[in-house]
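Colleague: Below: sequence and its predicted model.
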Amino acid sequence: MKIALYQPDIPQNTGTILRLAACLGIGVDLIEPAGFPMSDRAFRRAGMDYLDQVEIIRHKSFQHFNETRQNPPLNESPSRLILLTTKGDIPYCDFAYQPNDTLLLGRETAGVPENVHALADACLIVPMRAGLRSINVAVTAAMVIGEALRQTGGFPTDGFPNPTSVM
């Protein structure tokens, strides 16, 4: 499971998502250009000392990202591109995730362009009350990745007591 951020606008949200990914053992693809300087310093406040614990791959463009996703190294298979969008047609809890899915989040201010929508294998939505625009991108990432990992059994298990040994 991976998270991909399409041209992120807000460094604090990006840092929060990087921290989430570090804690859950998930890689992150950052698709440039971003709306801020993409440096460790820009992420440090929200990501804190977790940035060294997450695998980050930077892509110079969506085209580069998509080519890499579709043509992975020999020991990996291509991943499905699962777009999280307010224009989605499938509620995120009703979707059947696969362990090697890539969950794509768009820009906070504009989402993703139509050509990216067209390439997605599925477009998921977080159902919410009518009349409101959207949920924060970092909160959305946490909600959806939580469901995806629950379904695929992908939560980290190291560091947790074995439930059968607890008295």
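Modeller: In hand now; what should we look at?

Colleague: Spell out the secondary structure type for Leu124.
Modeller: Of the three states, Leu124 takes strand according to DSSP: H, G, I helix; E, B strand; the rest coil.

Colleague: Quick one: the helices in the protein, in order.
Modeller: 11-24, 40-47, 62-70, 114-119, 137-152 (DSSP state H).

Colleague: Select, out of those, the one closest to Leu105.
Modeller: Across the helices of the chain, Leu105 has its closest neighbour in helix 137-152 (5.3 Å, CB to CB). (Glycine included, C-beta is placed from N, CA and C.)

Colleague: helices or strands up against the closest one?
Modeller: With contacts defined as 3 or more CB pairs under 8 Å, 6 or more residues apart in numbering; DSSP states H and E, the packing partners of helix 137-152 are helix 11-24, strand 81-84, strand 102-105.

Colleague: could you check the angle helix 11-24 makes with that helix?
Modeller: On the basis of axes from the mean of the first three to the mean of the last three CA atoms, to 10 degrees, helix 137-152 is oriented at 20 degrees to helix 11-24.

Colleague: quick one on the thing from earlier: which of the helices of the chain has the lowest mean pLDDT?
Modeller: Ranked on mean pLDDT, the bottom entry among those is helix 40-47, at a mean of 62.

Colleague: So what does Asp89 look like in phi/psi?
Modeller: Note on Asp89: backbone dihedrals following degrees, to the nearest 10 are phi -120, psi 0.

Colleague: what's the spacing between it and Pro78?
Modeller: Distance, Asp89 to Pro78, by CB to CB, to the nearest Å: 23 Å.

Colleague: With neighbour numbers in mind, choose between those two.
Modeller: Taking other CB atoms under 10 Å, Asp89 and Pro78 do not tie; Pro78 has more neighbours (12 against 9).

Colleague: What count of nearby residues applies to the spatially closest residue to that one that is not a sequence neighbour?
Modeller: Excluding its sequence neighbours, the residue lying closest to Pro78 (CB to CB, 6 or more residues apart in numbering) is Gln70, at 5.1 Å. Applying other CB under 10 Å, we find 11 residues neighbouring Gln70.
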